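Participant: please find the sequence and the predicted model below.
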4 protein chains.
Amino acid sequence: MTEPRTTRQDAVKALKRELILDAARQVFEVEGLEGASIRAIARQAGYTAGAIYFHFPSKEAIYGAVLDESLDRLNAAVRDAVATAPDTPPDRLRAAALTFFAFYARNPRDLDLGFYLFRGGLQPRGLTDTLDAALNEKLAASLAPIGAALADMGFDDAACRAVTADTFGHAVGLLTLHHTGRIRMFGCSADDLMRGYVEALVGRLAG
Amino acid sequence: MTEPRTTRQDAVKALKRELILDAARQVFEVEGLEGASIRAIARQAGYTAGAIYFHFPSKEAIYGAVLDESLDRLNAAVRDAVATAPDTPPDRLRAAALTFFAFYARNPRDLDLGFYLFRGGLQPRGLTDTLDAALNEKLAASLAPIGAALADMGFDDAACRAVTADTFGHAVGLLTLHHTGRIRMFGCSADDLMRGYVEALVGRLAG
Amino acid sequence: MTEPRTTRQDAVKALKRELILDAARQVFEVEGLEGASIRAIARQAGYTAGAIYFHFPSKEAIYGAVLDESLDRLNAAVRDAVATAPDTPPDRLRAAALTFFAFYARNPRDLDLGFYLFRGGLQPRGLTDTLDAALNEKLAASLAPIGAALADMGFDDAACRAVTADTFGHAVGLLTLHHTGRIRMFGCSADDLMRGYVEALVGRLAG
Amino acid sequence: MTEPRTTRQDAVKALKRELILDAARQVFEVEGLEGASIRAIARQAGYTAGAIYFHFPSKEAIYGAVLDESLDRLNAAVRDAVATAPDTPPDRLRAAALTFFAFYARNPRDLDLGFYLFRGGLQPRGLTDTLDAALNEKLAASLAPIGAALADMGFDDAACRAVTADTFGHAVGLLTLHHTGRIRMFGCSADDLMRGYVEALVGRLAG
DNA sequence: TATGAATGAGTATTCATTCAT
DNA sequence: TATGAATGAATACTCATTCAT
């Protein structure tokens, strides 16, 4: 059928790419986003710094690829949760919002990454316009089920967008409090607060 | 009385400290938090890099001092707003929450600063335990009027803390969306959303 | 006869060599001599960097080959000009000197190349002794018609060599002034000056 | 009178600057101009690479300073030679041209430096407009005595400029042949040829 | 107090060359 | 032949911090 050599080579290439992205994720975890360096990522991946440039054209491109994969996983998680939930708008709203929150509660650096690369709304150096657009689209897609559930509850477009933004904002804020440890000041869990926010929302909208 | 020479020297010393902190704030404004350097701050203040170390033990200490003053201004703003507002718990709640939000909407770098220094919940290098504790206390104080209003509305301590955390979180999240430009995806203003959040809260609690 | 397969392979090999040398010339033109890199040359030739090493043992060897071909073209140009000129010693002298000059006025990188590879009089790394000797011989050949014309005018060997060196030097100097833009300081053209030099020479020698 | 401390500090500063410039000159001598690096210069001067930047803002600035001093020495040499020579235009012409030549015969790297920094006629990065203008002016000044002698011989401005350019060119060309060793092909000395050129010039102009 | 020089570790990226495939 | 991955050394320049003066 197809040439096995090419396919295998492609697989090896993809594997090495993943190896570097894994290394990057590990470095981000330990050193934080700003503390990471090409050298550190290369070392973690078992490479020389220069070797990285055969797989990615720049440091920012690595960041972009890590974020891209992260958004894919986020999207899959949200989609799955919505599909599995009871098929009522409030249940889909709950599933979408809480899965979004849970994803970033478990992957703190991915949130940093998102805001690092998205800051100012301008694409940073090294991120091609196409990648930047793709990332934006993926973020929007991960929030779309929230808007869809709201639309099914009868709200107009403006209201859907506003409530989606509000929910996104609430999640981001609680996650920030959680990841910086500030939530401890209040003796309560970010998770519970997010749940409470969503229940209040559903109650208000459905009631 | 006390020795005037010492007092005058102290005043001069404090003045120079302020000069450096002003310079730091200006550099933060222009270069961002991560882009700032001791040399840039020194230059802006009319000093040499080395001279800074007579006034602050480290770069992080400057950050801490800027944050400290920022929290003082935040506290004053919240206190004033609450004192000026009609003396009913819902009005005090509104005043406290919206003033908190407005402060960081106007001072984006101060928010960065807070989360930069508070990240991980561990005190970063250069920040003494005392300063760290003081900063925490001031942050708590700036949020206290929210809790106080809630207490006046009859809620127990746990509820007060939970709602305060929730409001804090909502503000932080919307501010993040605002400052990173993500809010534009939704075609609505962070300010309006915050107002909406507070009204919903008051409606729910008072109703 | 000879084995046709080998011959065809040789032809293909030579063709590919030429392809690479053309690419090198184009890169030199655009990036300059020091700005050129094996990768840039390979890219221009439609190759990978590593592939170049099947055709040339080193970067300097490519330089050498480009220079070699350049000297062949120079030789041809000078020979043609002398052959075409009226068959008197002064006319042959004019033709040879001015053609030499014109060649490098039109091909600035080739002059750089010559002095890059010939600097110090020691063969640089990557240049075999044989290639170095060949290059020297070709340079000498391109100047030989000048010496020959002088000899025909009755000068002894030492005088011929001296005047040839002087003319070579004058051309090189004016070309340097031309290519670096310094000639502009004087508001005159290198070409006119070269012509003037040759006329004065002819006048002095013939007179 | 004046503050000795300031004066001494200035002297120390100037000394260290010279130390670095000396180191740069030595590196240029050994490694050539393109092979030189900030690290190599720093090592030669007994410094760390970073330390260099307290004395010079960039690598090109070092090049500029070395060239600046070189041109000062050249100017002094030419001026002295002209002042010492018999006070006739031909003698002054001889003195100026041959001293110019002799200077660069003894300081080969300084010639490279000049053409490196002056290439294209555009000031290279790191060279301020003021420095670039100053260097240009100094080069012009070093050639001015040639033009002055010619003017005294009765030539108009255009002729003076043309002959100056021609002489400059001749010197540069012979120096290039000398420094690259090409002059050996002809079995004669660049110095003798330069002398011969000047004598022919004087003979032609004065005759 | 303040300066200015110095350090040493750090930054992303490029390069000629080698080699397994 | 040709590729693509890899190396190891190199590049100019910046940084927070220290210290003699």
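Facilitator: Nice, thanks for sending it over. Here the structure is a predicted model, which means the values were calculated and not measured.
Participant: for A:G187, grab phi and psi.
Facilitator: As for A:G187, its main-chain torsions (degrees, to the nearest 10) stand at phi 60, psi 30.
Participant: if I look at it, how far off is D:S70?
Facilitator: Noted for A:G187: a distance of 74 Å to D:S70, by C-beta to C-beta, to the nearest Å. Using the backbone N, CA and C atoms, a C-beta is placed for each residue, glycine as well.
Participant: likewise for A:A140?
Facilitator: With C-beta to C-beta as the criterion, A:A140 and D:S70 are 63 Å apart.
Participant: list the buried residues of the longest helix along chain A.
Facilitator: As assigned by DSSP state H, the longest helix anywhere in chain A is helix A:4-31. The neighbour-count criterion (16 or more other C-beta atoms under 10 Å in any protein chain shown) identifies A:I20, A:L21, A:A23, A:A24, A:R25, A:Q26, A:V27, A:F28 as the buried residues of helix A:4-31.
Participant: just stretch A:144-153 next, same as before
Facilitator: Judged by neighbour count (16+ other C-beta under 10 Å), stretch A:144-153 contains these buried residues: A:A144, A:P145, A:I146, A:G147, A:A148, A:A149, A:L150, A:M153.
Participant: tell me the mean pLDDT over that stretch?
Facilitator: Stretch A:144-153 carries an average pLDDT of 97.
Participant: contacts for that stretch, please.
Facilitator: If you take C-beta atoms under 8 Å, 6 or more residues apart in numbering or on different chains as the criterion, stretch A:144-153 is touched by A:78-79, A:82, A:89-90, A:92-93, A:95-97, A:100, A:157, A:159-161, A:163-164, A:167-168, A:205-206.
Participant: so how far is A:V163 from A:A95?
Facilitator: 16 Å.
Participant: same check, this time on A:L98
Facilitator: Counting by C-beta to C-beta, the separation of A:L98 from A:V163 is 15 Å.
Participant: ok, the two, which is more surrounded?
Facilitator: A:V163 (25 against 20; other C-beta atoms under 10 Å in any protein chain shown).
Participant: ok, and the closest non-adjacent residue to that one?
Facilitator: A:L150 (5.5 Å; C-beta to C-beta, 6 or more residues apart in numbering or on different chains).
Participant: check the secondary structure at that neighbour for me.
Facilitator: Following DSSP: H, G, I helix; E, B strand; the rest coil, we place A:L150 in the helix state.
Participant: which residues touch the residue nearest the centre of chain A?
Facilitator: Among the residues of chain A, the one closest to the centroid is A:L71, at 4.1 Å (C-alpha atoms, centre = their mean). For A:L71, the contacting residues are A:G114, A:L135, A:K138, A:L139, A:S142, by C-beta under 8 Å, 6+ apart.
Participant: any chance of JSON lines for those, columns distance to chain C, secondary structure and neighbour count?
Facilitator: Formatted as JSON lines, the contacts of A:L71 follow (distance: C-beta to the nearest C-beta, whole Å; DSSP: H, G, I helix; E, B strand; the rest coil; neighbours: other C-beta atoms under 10 Å in any protein chain shown):
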{"residue": "A:G114", "distance to chain C": "34", "secondary structure": "helix", "neighbour count": "20"}
{"residue": "A:L135", "distance to chain C": "29", "secondary structure": "helix", "neighbour count": "20"}
{"residue": "A:K138", "distance to chain C": "33", "secondary structure": "helix", "neighbour count": "16"}
{"residue": "A:L139", "distance to chain C": "36", "secondary structure": "helix", "neighbour count": "19"}
{"residue": "A:S142", "distance to chain C": "39", "secondary structure": "helix", "neighbour count": "23"}
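Participant: and the residues you listed near DNA strand F, which?
Facilitator: Subset of those in contact with DNA strand F: empty, counting by C-beta under 7 Å from any atom of the strand.
Participant: closest to D:R195 among those residues?
Facilitator: Within these, the smallest distance to D:R195 is 72.3 Å, found for A:L135 (C-beta to C-beta).
Participant: relative to A:A61, how far out is that closest one?
Facilitator: Separation of A:L135 from A:A61 (C-beta to C-beta): 12 Å.
Participant: common neighbours of these two, please.
Facilitator: Contacts common to A:L135 and A:A61, judged by C-beta under 8 Å, 6+ apart, are A:L127.
Participant: still on that earlier bit, A:G187 and D:S70: who's more crowded?
Facilitator: Neighbour count, other C-beta under 10 Å: between A:G187 and D:S70, D:S70 has more, with 22 against 11.
Participant: that one: which element?
Facilitator: For D:S70, the host element (DSSP states H and E) is helix D:59-84.
Participant: ok, that helix near DNA strand E or not?
Facilitator: No. Using C-beta under 7 Å from any atom of the strand, helix D:59-84 stays clear of DNA strand E, coming no nearer than 13.7 Å.
Participant: what angle do that helix and helix D:4-31 make?
Facilitator: Relative orientation of helix D:59-84 and helix D:4-31, computed by axes from the mean of the first three to the mean of the last three C-alpha atoms, to 10 degrees: 90 degrees.
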